[in-house]
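In: mind folding the following:
(2 chains)
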Protein chains: 2
Amino acid sequence: MPHDCGFLADHLADEQVSLDADDRDGHAGDWGTPEDERVRPEAVCWPESTAEVSAVLAAANERGVPVTPYAAGTGLEGNALPAFEGISMDCTRMDEVIEIRPDDFQIDVEPGVMGSAVNDAVAEHDLFLPPLPQSGDISTVGGMVANDASGAKTVKYGEVDDWVLGLEAVLADGTVIETGGRAVKTSSGYNLTDLIVGSEGTLAVVTRVTVELARRPKQIRGGRATFPDLDAAAEAIAAAMQTGVDVATIELIDPLSTKIANAYSGTDLPNVPTVFLEFHANHHVEDEIETCRAVFEDHGAERFAMAAGDEMEELWEARRNLANAMLAYDPPRRPAKPGDVTVPISHFPEIVRYAKARGDEYSLDVTTFGHAGDGNVHYNVLVDPNDEEELAAGREISDDVVRRAIELGGTATGEHGVGQGKREYMVEEHGENGVETMRAIKRALDPKDTLNPGKIFPETADGERLRVD
Amino acid sequence: MPHDCGFLADHLADEQVSLDADDRDGHAGDWGTPEDERVRPEAVCWPESTAEVSAVLAAANERGVPVTPYAAGTGLEGNALPAFEGISMDCTRMDEVIEIRPDDFQIDVEPGVMGSAVNDAVAEHDLFLPPLPQSGDISTVGGMVANDASGAKTVKYGEVDDWVLGLEAVLADGTVIETGGRAVKTSSGYNLTDLIVGSEGTLAVVTRVTVELARRPKQIRGGRATFPDLDAAAEAIAAAMQTGVDVATIELIDPLSTKIANAYSGTDLPNVPTVFLEFHANHHVEDEIETCRAVFEDHGAERFAMAAGDEMEELWEARRNLANAMLAYDPPRRPAKPGDVTVPISHFPEIVRYAKARGDEYSLDVTTFGHAGDGNVHYNVLVDPNDEEELAAGREISDDVVRRAIELGGTATGEHGVGQGKREYMVEEHGENGVETMRAIKRALDPKDTLNPGKIFPETADGERLRVD
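Out: You can find the predicted model right below:
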């Protein structure tokens, strides 16, 4: 399916367009894309303004050329992979902080601004962006918006969509729209903001984001607790959440994950089920800590210790590195598929038990870690990627965990988006009518399936784009 | 435009359908509809199940008969008025609490359940529904969802859409969809839940709502502060919010509003600018109270007193009655138009000043009260409804305040929805492209404009429904 991308030169300067193999390789997949599934775009472009995004989209749409928005490429589900080739639209050069309004706790940024750069920009005002994902240092606001990302502090503060007040975005035909605004609440018309957030670049390319920020709490305390077994840890977390304790972070890490983290980051986390904690308050933070400690000790916690000095930062560093650590682990093992289910908190212990038990049946290691307070578990069945049988078993287990999570009222993907990797579960999770309703919206806003085709929706019968007029 | 509604008898029992004048009158408008703008539906029906909603919609859609969902009729913008006649679908008989899942802080309800009934149902589990509007005792969950309602506690807890996890809803052609689920976070596909929330029954009829609840805080303290002038009170509120103080309610009431409230509710609120406050915490609630008190005293607060015993309930009762109180006030005056703008908090003092100043220019009384901490002000230019000139001036002032709010980055409607009354501002607020994008979604999901036609979108050139295939 060769597409003529020569028209890019009509709208962009030389240094904004590349047909080079290296540039195309660099946009052929994301973190989660196995080598043999990478797809090279035919061209890469780097627009630097809304007008350029609009001009390129209008021209591509007219010509039937697919455009897949690209940012930092830290997705895990092939979200930014150009499945039908065409153009990879790299938004990382749109990286301006446009305006900070500290009196309203707001910032306007372009999509290529790094998540952590938002925090840097507003630190002097004692503000911060709460739903920063673990990858916040290396992923962009545009990517966070595309995936409705969330992170370690989501258990207290919510997801990205809770903090996006408004967007400027460009539709497939080049139409520029503004959604939302600067009011913290509104009931004015359809919520286009929340529709575009999480749509993974299939409905629009976001060119400006108005983000609400939070006042940094006066007291922040981190710590960790260890448990004799994983089930006790998971039950303790569910029980703590059910008290309504005000915790800002509550993350579970299993012994295999701590072992992998230690090997990679040089930490000395004990090889027992561990819960990382963070508490935010303006005063008397110790009261919430004690509430949590009491619940944890009731559930058999062996150690519950708040961190001193930089210790916590070291732990978080190890936690942030986990995805890379897993790839570097010796003996070489790969996750069969990245797992990111979220279930109602009462079912959290059950889904963790289920993932481990399924691994045991096949004598395969399963790492489990993640944003436990939200009922979110990242699980990875580790396999030898060259062993077909093991790979198949790993994939089967990964699938079964997703299906079990959906049965429990949960979701196939808590924060990684659907991309290519979770498309097959969409009908199970949302029903045929739910998916068809999403498809109707996609067709209404992008009738030629120009934007990021091949994502979110189940594969079409003929393997083609949704509809080409 | 007579519509044959006889088909209703094919799908519903006798006692579920009425062509009586009284029943039709009872569904001809809402709280905000002036007598001369009421429109009688041709029939009223009361479905009692999702299957009945689906059957009626499928049949009506096929026949081109408009269907306007109706609940408690407490809207202020003609949201539930059957603008093109047809059928008023009254959902108040679907009033079952379906399931409470206390361990997950969740409840599933039918749309006709009263907002306050949710709180009654979960009180034994020490849970509550935070975004209950002021009208929560007399308005339904379905209505709250349709309008993305919010209320006095939204400043701390957010709007209805922040607490709706999932929906069952019926599209115009009778298709039943389920959206969202029971996980507290997800990035799985388009956010249909937040699209339907706030769509005012123009995209779907909601038949089941999964609501997240909050743990009731251990400490709740209410109180009030008074200020020498309105501007000082508004500035104090903005300054308090800018500290990031953890306040659950922060409401402004101007002296005219207190006078009207006293006359109606028999209270003895002082006739000075007053701020109602509520603080929620699990412990040391007095710390946040003192933060707020210090800011208020810096801004000239004359009195800052926490309420004892039932005093606060009496104040809230007076606040809740304000809308009725205004209608009963002597000399008889009516709001020219209900006002509900929301602006970024830094502009809150300005918009209050502006509304009052515009009233002064015409020597017209303007009440200002509302959820000040969100930047939300309800303003009403009080006029003699029989004085055409005064009415015109009142409407002009009301319009100007909306336009000023939009200029300041705010919204025409903070929590009342668009209905009929705010349609004219949609293009100013969202731009032509933004409104056209909403229209594209409406056409995709309801191509025959069956559901609640004549709402949200600017009036069509020929005064007809959006498009009839």
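In: residue A:431 should be in a helix, yeah?
Out: Yes. Assessed by DSSP: H, G, I helix; E, B strand; the rest coil, residue A:431 belongs to a helix.
In: phi, psi for the closest residue to it other than its chain neighbours please.
Out: Of all residues not flanking residue A:431 in the chain, residue B:178 sits nearest, at 5.5 Å (Cβ to Cβ, 6 or more residues apart in numbering or on different chains). Yep, even glycine has a C-beta here, placed from its N, CA and C like the rest. Phi and psi for residue B:178, reported as degrees, to the nearest 10, are phi -120, psi 140.
In: who are the contact partners of residue B:178?
Out: A:430, A:431, A:433, A:434, B:166, B:167, B:168 (Cβ atoms under 8 Å, 6 or more residues apart in numbering or on different chains).
In: list buried residues within these.
Out: A:430, A:433, A:434, B:166, B:167, B:168 (16 or more other Cβ atoms under 10 Å in any protein chain shown).
In: how close does the first one sit to residue A:106?
Out: Read it as residue A:430. Distance from residue A:430 to residue A:106, counting by Cβ to Cβ, to the nearest Å: 33 Å.
In: repeat for the fourth one
Out: In this structure, residue B:166 lies at 29 Å from residue A:106, with Cβ to Cβ as the measure.
In: does residue A:179 touch residue B:433 like I think?
Out: No. The pair residue A:179 / residue B:433 is not scored as a contact, 10.0 Å apart, by Cβ atoms under 8 Å.
In: which ones are touching the residue in the stretch 51-200 of chain A that chain B sits nearest to?
Out: Nearest residue of the stretch 51-200 of chain A to chain B: residue A:182, at 3.4 Å (Cβ to the nearest Cβ). Contacts for residue A:182 (Cβ under 8 Å, 6+ apart) come out as A:101, A:104, A:106, A:165, A:166, A:210, B:343, B:344, B:408, B:409, B:410.
In: roughly how far apart are the last one and chain A?
Out: Right, the one you point to is residue B:410. 5 Å (Cβ to the nearest Cβ, to the nearest Å).
In: break chain A into its domains for me.
Out: Residue ranges for each domain of chain A read A:8-90, A:97-215, A:217-329, A:331-417, as given by automatic domain parsing.
In: burial check on residue A:289, number of neighbours?
Out: Number of residues near residue A:289 (other Cβ atoms under 10 Å in any protein chain shown) recorded here: 19.
In: isn't it up against residue A:223?
Out: Yes. Applying Cβ under 8 Å as the test, residue A:289 and residue A:223 come out as touching, 7.5 Å apart.
In: identify the contacts common to those two.
Out: A:277, A:306.
In: show me the two of the buried ones among the contacts of residue B:178 that sit farthest apart.
Out: By the measure Cβ to Cβ, A:433 and B:166 form the most distant pair in the buried ones among the contacts of residue B:178, at 13.9 Å.
In: in strands, which of the contacts of residue A:182 fall?
Out: Among these, the members falling in strands (DSSP state E) are A:101, A:106, A:165, A:166, A:210.
In: who wins for most neighbours among those residues?
Out: Most surrounded of the ones in strands among the contacts of residue A:182: other Cβ under 10 Å gives residue A:210, at 25 neighbours.
In: in the sheet, who's paired with that one?
Out: residue A:108, residue A:166 (DSSP bridges).
In: from memory it sits against residue A:104, does it?
Out: No. Taking contacts as Cβ under 8 Å, residue A:210 lies outside contact range of residue A:104: 9.9 Å.
In: just to revisit the earlier point, just the pLDDT for the residue nearest to residue A:431.
Out: We have a pLDDT of 98 for residue B:178.
In: what of residue A:312?
Out: For residue A:312, pLDDT reads 82.
In: quick one: which helix or strand includes it?
Out: helix A:311-320 (DSSP states H and E).
In: buried stuff in that helix?
Out: Applying 16+ other Cβ under 10 Å to helix A:311-320 flags A:312, A:314, A:315, A:316, A:318, A:319, A:320 as buried.
In: what is that helix packed up against?
Out: Judged by 3 or more Cβ pairs under 8 Å, 6 or more residues apart in numbering or on different chains; DSSP states H and E, helix A:311-320 is in contact with strand A:219-226, helix A:255-265, strand A:274-281.
In: show me what contacts residue A:2?
Out: A:42, A:85.
In: now it, what's its secondary structure?
Out: coil.
In: what's the burial count for residue A:203?
Out: Counted with other Cβ under 10 Å, residue A:203 comes out at 26.
In: now the helices: where do they sit in the stretch 251-400 of chain A?
Out: For the stretch 251-400 of chain A, the helices defined by DSSP state H, counting those that start in this stretch occupy A:255-265, A:285-298, A:311-320, A:322-328, A:348-361, A:388-407.
In: what does the longest one rub up against?
Out: Translated: helix A:388-407. Identification of contacts with helix A:388-407 by Cβ under 8 Å, 6+ apart yields A:335-337, A:339, A:341-343, A:351, A:354-355, A:358-359, A:362, A:364, A:366, A:379, A:381-385, A:411-412, A:422, A:425, A:428-429.
In: swap in stretch A:354-369?
Out: So stretch A:354-369 is contacted by A:230, A:251-254, A:256-257, A:260, A:319, A:322, A:326, A:333, A:335, A:339, A:352, A:377-383, A:390, A:393-394, A:397, A:400-401, A:404 (Cβ under 8 Å, 6+ apart).
In: try 7 Å
Out: Stretch A:354-369 has contacts (Cβ atoms under 7 Å, 6 or more residues apart in numbering or on different chains) with A:230, A:251-254, A:256-257, A:260, A:322, A:326, A:352, A:377-383, A:390, A:393-394, A:397, A:400-401, A:404.
In: verify the stated contact: residue A:186 with residue B:409.
Out: No. With contacts counted by Cβ atoms under 7 Å, residue A:186 stays clear of residue B:409, the gap being 10.9 Å.
In: more neighbours: which of these two?
Out: residue A:186 (30 against 21).
In: just to be sure, that one is in a helix?
Out: No. Using three-state DSSP, the secondary structure at residue A:186 is coil, not a helix.
In: contacts only, for the closest residue to it other than its chain neighbours.
Out: Leaving aside its sequence neighbours, residue A:186 sits nearest to residue B:411 (Cβ to Cβ, 6+ apart; 3.8 Å). Listed by Cβ under 7 Å, 6+ apart, the contact set of residue B:411 reads A:181, A:183, A:186, A:188, B:341, B:342, B:405, B:429.
In: find me the pLDDT at residue B:411, would you?
Out: 98.
In: over to residue A:329?
Out: 81.
In: that one and residue A:273: what is the separation?
Out: Taking Cβ to Cβ, one finds residue A:329 at 19 Å from residue A:273.
In: and these two? Which one has more around it.
Out: Neighbour count, other Cβ under 10 Å: between residue A:329 and residue A:273, residue A:273 has more, with 26 against 19.
In: can you tell me how far the more buried one sits from chain B?
Out: On the measure of Cβ to the nearest Cβ, residue A:273 and chain B end up 22 Å apart.
In: can you check residue A:346 too?
Out: According to Cβ to the nearest Cβ, residue A:346 and chain B sit 4 Å apart.
In: so residue A:197 makes contact with residue A:143?
Out: No. In this structure, residue A:197 is not within contact of residue A:143 by Cβ under 7 Å, at 11.7 Å.
In: out of the buried ones among the contacts of residue B:178, which one sits closest to residue A:247?
Out: Looking across the buried ones among the contacts of residue B:178 and measuring by Cβ to Cβ, the closest to residue A:247 is residue B:166, at 24.5 Å.
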